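Peer 1: next comes the sequence, and after it the predicted model I'd like to discuss.
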Amino acid sequence: MICNMKTIIKEAANSNYIVPGFNVFGYEDAIAVVRAAEELNKPSLLMINKLAADYMPIEYWGKLLRAIAEDAKVPISVHLDHCKNFDLIIRAIKSGFSSVMYDGSQLPIEENIKRTKEITKVAKVFDVSVEGEIGSVPYADIPGHAKDLLTKVDDAVRFTTETNVDWVAVAVGQVHRLQHTKSEINFDILKEIQNNISKPIVIHGGSGIKETDLIKMTKYKVGKINVGTSLRMAFGEELKHQVIKNPEEFDRIKLFSEPSKAVIEVTKKMFNILDSNN
Ligand SMILES: [Zn+2]
């Protein structure tokens, strides 16, 4: 069932589990995430990042992912991740997305607040959830991208109070798109942020966080964690393996079968790590 996750992520922030949002790039990984979520009876988010939004029109993503989410046996949100473009967010809302992230993290705080507020105002009308970002999480493959590597607690308080976002993404040492190394999480800052704001915290760069740190985060007021790279790697590596193993095979439906199973396994593992009730 389609769900904007407002209540579920709020509950998760105050419980011993975290809702994972997964970046997907097509039908195969989207349906794999939903199958894993159904098997474990967990809510989740199918998320579209900038690379995916550049690859296929947002309207197609909205229709495809919304149909998958509506048929799912568990609550699923269709989420637009890291969007800096007001018009694209409006198009996403019109085409069925149930939550959106406005990323003003590279702007001065006044500008970030102003623009995020414009988005929350429109999104509320359509019952779409809004995620904002204060501080910024760097990318392993885009050197020099980030403005502030760690979120300042005062900024987080001001941002969440003035913007009325549903959740806030913060930077506490994590890095996007890490493949083989892990980031160092600053739990002191995370604690200080959670003690001073009333909104659920979102952590990006989930693939690059140590398993022990992810488990530790379930005890914090983290409501959502974004995961992308580990699924892309699982799908891509298994696909390469299948191509080498079956040099005569040209049918993509057959070649995609094992990679899809690999995504289900990685997704299930992440659901289990993020639930300390297990
Ligand atoms: Zn991110």
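Peer 2: Arrived safely, thanks for sending. This one's a predicted model, so the numbers in the text were calculated from it and none came from an experiment. Numbering: from 1, shown residues only.
Peer 1: excluding sequence neighbours, find me the nearest residue to residue 103.
Peer 2: Nearest-residue entry for residue 103: residue 82, 4.5 Å, with adjacent residues in sequence omitted and distances by Cβ to Cβ, 6 or more residues apart in numbering. For every residue, glycine as well, the C-beta is placed using N, CA and C.
Peer 1: how much space separates residue 44 from residue 262?
Peer 2: Note on residue 44: its distance to residue 262, by Cβ to Cβ, to the nearest Å, is 17 Å.
Peer 1: ok so, going back, which phi and psi does the residue nearest to residue 103 have?
Peer 2: Main-chain dihedrals, residue 82, degrees, to the nearest 10: phi 40, psi 60.
Peer 1: I'd guessed it sits against residue 50; true?
Peer 2: Yes - using Cβ atoms under 8 Å, residue 82 is in contact with residue 50, at 6.0 Å.
Peer 1: quick one: which of the two has more around it?
Peer 2: The residue with more neighbours, out of residue 82 and residue 50, is residue 82; 22 against 15, by other Cβ atoms under 10 Å.
Peer 1: ok, then the element right after the helix or strand containing residue 38?
Peer 2: Here residue 38, judged by DSSP states H and E, is contained in helix 27-40. From helix 27-40 onward toward the C-terminus, using DSSP H and E, the following helix or strand is strand 44-48.
Peer 1: any idea how far that following strand is from the chain center?
Peer 2: 6 Å (Cα atoms, centre = their mean, to the nearest Å).
Peer 1: stretch 105-114 now?
Peer 2: On the basis of Cα atoms, centre = their mean, stretch 105-114 sits 21 Å off its chain's mean C-alpha point.
Peer 1: returning to that earlier point: roughly how far apart are the residue nearest to residue 103 and residue 176?
Peer 2: Noted for residue 82: a distance of 9 Å to residue 176, by Cβ to Cβ.
Peer 1: just the element for residue 20, please.
Peer 2: Assigned by DSSP H and E, residue 20 falls within strand 19-23.
Peer 1: show me the residues around residue 61 that make contact.
Peer 2: Residues near residue 61 by Cβ atoms under 8 Å, 6 or more residues apart in numbering: 48, 52-53, 78, 92, 95.
Peer 1: neighbour-wise, which of the residues you listed leads?
Peer 2: Counting by other Cβ under 10 Å, top hit in those: residue 78 with 31 neighbours.
Peer 1: residue contacts, that residue?
Peer 2: 2, 45-46, 48, 61-62, 65-66, 69, 96-99.
Peer 1: which of these sit farthest apart?
Peer 2: The span of the contacts of residue 78, defined through Cβ to Cβ, is set by 2 and 48 at 14.8 Å.
Peer 1: and residue 223, its phi and psi?
Peer 2: phi -100, psi -20.
Peer 1: which intervals of the chain have sub-threshold pLDDT?
Peer 2: Low-confidence segments of the chain, defined by pLDDT under 70: 146-148.
Peer 1: in it, which spans are strands?
Peer 2: In the chain, the strands defined using DSSP state E lie at 19-23, 44-48, 76-83, 99-102, 129-134, 167-170, 201-203, 222-227.
Peer 1: and the residue nearest the centre of this structure?
Peer 2: For the chain, the residue nearest the mean C-alpha position is residue 226 (3.3 Å; Cα atoms, centre = their mean).
Peer 1: nearest residue to that residue in space, please, no chain neighbours.
Peer 2: Nearest to residue 226 is residue 204, by Cβ to Cβ, 6+ apart, at 4.5 Å.
Peer 1: same question, residue 205
Peer 2: Distance criterion Cβ to Cβ, 6+ apart; nearest residue to residue 205, sequence neighbours excluded, is residue 174 at 3.7 Å.
Peer 1: burial check on the one you found, number of neighbours?
Peer 2: Residue 174 has 25 neighbours, counted by other Cβ under 10 Å.
Peer 1: that one and residue 182 touch, don't they?
Peer 2: No - between residue 174 and residue 182 there is no contact under Cβ under 8 Å: 9.3 Å.
Peer 1: between the two, what contacts are shared?
Peer 2: Residues touching both residue 174 and residue 182 (Cβ under 8 Å, 6+ apart): 208-209.
Peer 1: residues in contact with residue 95?
Peer 2: 58-59, 61-63, 66.
Peer 1: try 10 Å
Peer 2: Taking Cβ atoms under 10 Å, 6 or more residues apart in numbering as the criterion, residue 95 is in contact with 57-66, 78, 80.
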